[in-house]
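Peer 1: based on what follows, work out the 3D shape:
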Amino acid sequence: MHDLNFIHFSMHKNGPQITHLAYADDIIIFSSGNSKSIKLVMKQIRNYEISSGKIVNKDKGFFLVGPKSCAYRINRIRNKTGFLDKSFPFTYLGCPIYIYRKRLSYFDNMTAKIIERLSGWQGNMLPCGGKMYPVSKKWCTSNSQAWKYLLWARDKCKNQIIWKINDGQCYFWWDNWTEMGPLAQLCPNFITRSTNKKKVKDFISNNIWDVQRLYNTLPSPVALHISSIKLGQCNKSDYAIWKATEDGHFSNGSAWHTIRKHKVTNAAIGTIWHKSIPFKQFFMCWRIYYGRVPLYKGLNISDSQNNADCLCCFVPKNETIQHVFAESN
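Peer 2: Numbering: from 1, shown residues only. Take a look at the predicted model:
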């Protein structure tokens, strides 16, 4: 608006003087509420409709005024614009626009959408109940590398979990409570349909092991090892111990050290990459060390004229890293 009769929306003089915000086919126009300014705004809207051939939808449009505006001013703006009035807060591009203090109720719609999205993701990806793991999708060659790495990390971390038996609610075959790994991996040929979903408590009687049933279900060495495991209090729940830490409590740092691939430290590279050496120099040393310097020998370039020989020496020799940086003149 370049008309002198147009009065802008009152804003702080040190900040940007905003007249409108536009995104796609939505626009917010900031103006004062006097009659001349409203007429100029509507004039610009009509010019837009004539030039573009599009009509502004007055059913979707609305105007807002300050909470202390009188009814006379609101009715006057209604008559001049043809729009209905609304009150704060309102939603623009998914975000609540409000005045005065922030309230949690303003963000109810946004929170509901996030919860709905997460619930949909959980329903598709996370199985419910029992001791199921979040990452339980079947491994197949069509999976992405990221998904395969998640499955690999899951198995690595799962091996660090040991269950201590109290009430015996752990799964007999699938949980690691023997400190030897899941029995399904140790004795895969001994699983039957009738014992597939058995729990540890099914092999305990009066808070002692049912040794006869263990020997009937498992190989003798495994049954002997289990019979030596001390049982806890039957009125308490089983609990997990994280082997990667001394106190048995899980931590993100210990999980990272469990899944990360440790590389052998190269003493020579440690000497090159030093804070006291300028960047250009140690980067060049690094390239030389790994043979990343563009020489004839490294690039396998042959030239009929120089035959990949170094031209800087009195007696030309093959242009290798050893020759250029150690033996040349």
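Peer 1: quick one: the strands in the chain?
Peer 2: Listed in chain order, the strands of the chain (DSSP state E) span 20-23, 26-29, 62-64, 84-86, 90-92, 95-97, 161-164, 204-205, 208-209, 239-242.
Peer 1: so which of those comes closest to Thr320?
Peer 2: Thr320 sits nearest to strand 239-242 of all these, at 52.4 Å, using Cβ to Cβ. Glycine gets a C-beta too; all of them are placed from N, C-alpha and C.
Peer 1: packing partners for the closest one?
Peer 2: strand 161-164 (3 or more Cβ pairs under 8 Å, 6 or more residues apart in numbering; DSSP states H and E).
Peer 1: contacts for the strand it packs on, please.
Peer 2: Cys170, Asp175, Asn176, Trp177, Glu179, Gly232, Asp238, Tyr239, Ala240, Ile241, Trp242, Lys243 (Cβ atoms under 8 Å, 6 or more residues apart in numbering).
Peer 1: what's around the closest residue to Lys243 other than its chain neighbours, how many residues?
Peer 2: Spatial nearest neighbour of Lys243, excluding adjacent residues (Cβ to Cβ, 6 or more residues apart in numbering): Gln160 at 4.6 Å. When neighbours are defined as other Cβ atoms under 10 Å, Gln160 has 18 of them.
Peer 1: pretty sure Gln160 sits against Ile241.
Peer 2: No: checked against Cβ atoms under 8 Å, the pair Gln160 and Ile241 is beyond contact range at 9.1 Å.
Peer 1: the stretch 201-329 of the chain: helices as residue ranges?
Peer 2: Along the stretch 201-329 of the chain, counting by DSSP state H, counting those that start in this stretch, helices occupy 211-217, 220-227, 252-259, 267-272, 279-289, 296-299, 321-322.
Peer 1: weakest of these by average pLDDT?
Peer 2: Per-stretch mean pLDDT for those is lowest at helix 296-299 (a mean of 57).
Peer 1: ok, Ile29 touching Ile18?
Peer 2: No: contact criterion Cβ under 8 Å: Ile29 and Ile18 do not qualify, at 10.0 Å.
Peer 1: about what we covered before: quick one: which of the helices of the stretch 201-329 of the chain is nearest Asn14?
Peer 2: helix 279-289 (42.0 Å).
Peer 1: quick check: buried residues in that closest one?
Peer 2: Neighbour-count burial for helix 279-289, with 16 or more other Cβ atoms under 10 Å as criterion, is recorded at Phe282, Cys285, Ile288.
Peer 1: stretch 197-214 now?
Peer 2: So stretch 197-214, judged by 16+ other Cβ under 10 Å, has buried residues Lys198, Lys199, Val200, Lys201, Phe203, Ile204, Trp209, Arg213, Leu214.
Peer 1: same check, this time on stretch 186-200
Peer 2: Under 16+ other Cβ under 10 Å, the buried positions of stretch 186-200 are Leu186, Ile191, Thr195, Lys198, Lys199, Val200.
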